[in-house]
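>>> dropping a prediction and its sequence here:
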Amino acid sequence: LEITRVKPSCGCTTTSLSRTTFEPGQGELIPVVWKPKGIGPQKKTVTVSYDNGPDQILNISATLKQFVALEPALLRLGDLPQHEEHHAELKLVLADKNFQITRITPSNNYLTASEKSRDADGNLIVDVVIKENAPWGNFNARLEIEGTGVTEPGTEPVTHTVMTQVIAKMYGDIRIEPDQIQLGVVAQNSKFTGEAILYHVDGTEFELAEVSMRFSRPEMTVRSEATTKDGKPAVKIIVEGDTTGFTERYVRGTIFFKTSLGDADNQQLQIAGSVR
């Protein structure tokens, strides 16, 4: 028998044979190494081709469970008042109940997290904190948690990392709609415009004391004008630009502003779009 090919169905599976020619009655085990990705039911195959018959298909199947699962998978905290500290709980559902956290890394300085406790089932509870100095507007930060545990009793510990996003809107009395100026698809070599409306939750009248554009691609201008929302005073922020000669794929920029109500910090409004 001459084995002409042993081919796995994907790159996550490897095989090797010490020889490919066999006399009658001889044989050999085919070692298969599978490094699966993802979770849930999975099926793979190894195709064995030889010189005097049809291909033989070897099937591999398994159901993969998560080593560490996050509940919730994404921390959406909604609207939060500014200048206050906000706490939320994140549960690590563990395959190995002796899993130990070795490092927690937030993506910005306004987010922190620490191990809080274990529940009755041995799962870890992490206290996630948005600090009181988090800036006004959209809050979007990544939280990476690294730890060690064993996949099977008696095996060597492995290092495992999970990540989640912490998403919120930090607001005081000033709100904005929409919370990002989405330009959508902007035509090449054309002018474009976008806008958002600022308003006070109590309908208090105000003006923009400062407004500026930074990090804009292409160059954009920004201005404001008085308007109303639900019959109450408001301010419209208008951004204008031109893609003539602009060779990049994406439009982006940040508007910084302060109101006449005495804001302590610059407030930000992001601009996003694509060019086709």
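Here it is on my side, so go on.
>>> how near is L183 to Y199?
According to C-beta to C-beta, to the nearest Å, L183 stands 22 Å off from Y199. From N, CA and C alone the C-beta is placed, and that goes for glycine too.
>>> what do you get for M163?
35 Å.
>>> these two: who's more crowded?
Neighbours per residue (other C-beta atoms under 10 Å) separate M163 from Y199, with Y199 holding more: 22 against 12.
>>> that one bridge partners, please.
Beta-bridge partners of Y199, counted by DSSP bridges, are R175, A234.
>>> now swap in Q268 and tell me
Under DSSP bridges, the beta-bridge partners of Q268 are F256.
>>> residues contacting S9?
Residues in contact with S9, defined by C-beta atoms under 8 Å, 6 or more residues apart in numbering, are K44, T45, V46, T47.
>>> ChimeraX command to pick out the buried ones of those residues?
For the buried members of the contacts of S9, the matching ChimeraX selection, counting by 16 or more other C-beta atoms under 10 Å, is:
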select :44,46
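>>> in which helix or strand does the residue nearest to the spatial centre of the chain reside?
For the chain, the residue sitting closest to the mean C-alpha position, by C-alpha atoms, centre = their mean, is Q165 at 5.4 Å. Using DSSP states H and E, Q165 falls within strand 158-171.
>>> kindly report the same for K43.
Using DSSP H and E, K43 falls within strand 40-50.
>>> off-centre distance for that strand?
How far strand 40-50 lies from its chain's middle: 32 Å, per C-alpha atoms, centre = their mean, to the nearest Å.
>>> so what's H200 closest to, chain neighbours aside?
D173 (5.5 Å; C-beta to C-beta, 6 or more residues apart in numbering).
>>> wait, that neighbour sits on F206?
No. D173 is beyond contact range of F206, at 9.5 Å (criterion: C-beta atoms under 8 Å).
>>> pull up the overlap in contacts between the two.
Residues touching both D173 and F206 by C-beta under 8 Å, 6+ apart: H200, L261.
>>> out of those two, which sits in the busier spot?
F206 (19 against 15).
>>> the spatially closest residue to V129 that is not a sequence neighbour: what's it in contact with?
Using C-beta to C-beta, 6+ apart and skipping the chain neighbours, the partner closest in space to V129 is T112 (4.9 Å). Neighbouring residues of T112 by C-beta under 8 Å, 6+ apart: P106, V128, V129, K131.
>>> tell me which element T112 falls in.
strand 111-118.
>>> in space, what's closest to G241 - neighbours in sequence excluded?
Per C-beta to C-beta, 6+ apart, closest to G241 is M220, 3.8 Å.
>>> repeat that for E84.
E84's closest residue in space is E132 (C-beta to C-beta, 6+ apart), at 5.6 Å.
>>> how is that neighbour assigned, secondary-structure-wise?
Look at E132: counting by DSSP: H, G, I helix; E, B strand; the rest coil, its state is coil.
>>> check the gap between it and Q82 for me.
8 Å.
>>> ok, these two, which is more surrounded?
Q82 (21 against 12).
>>> how close does the more buried one get to F257?
Taking C-beta to C-beta, one finds Q82 at 15 Å from F257.
>>> one more: G273?
20 Å.
>>> and these two? which has more neighbours close in?
Of the pair G273 and F257, F257 is the one with more neighbours under other C-beta under 10 Å, namely 23 against 19.
>>> just give the closest residue to the more buried one, not the sequence neighbours.
V211 (4.3 Å).
>>> next one: that neighbour from A196, what distance?
12 Å.
>>> same deal with G147?
Distance from G147 to A196, by C-beta to C-beta: 41 Å.
>>> which one of the two has more residues nearby?
Between G147 and A196, counting by other C-beta under 10 Å, G147 is the more crowded of the two (23 against 19).
>>> could you check the pLDDT of that one?
pLDDT for G147: 97.
>>> okay, and the beta partners of it?
Per DSSP bridges, the residues bridged to G147 are I101, H160.
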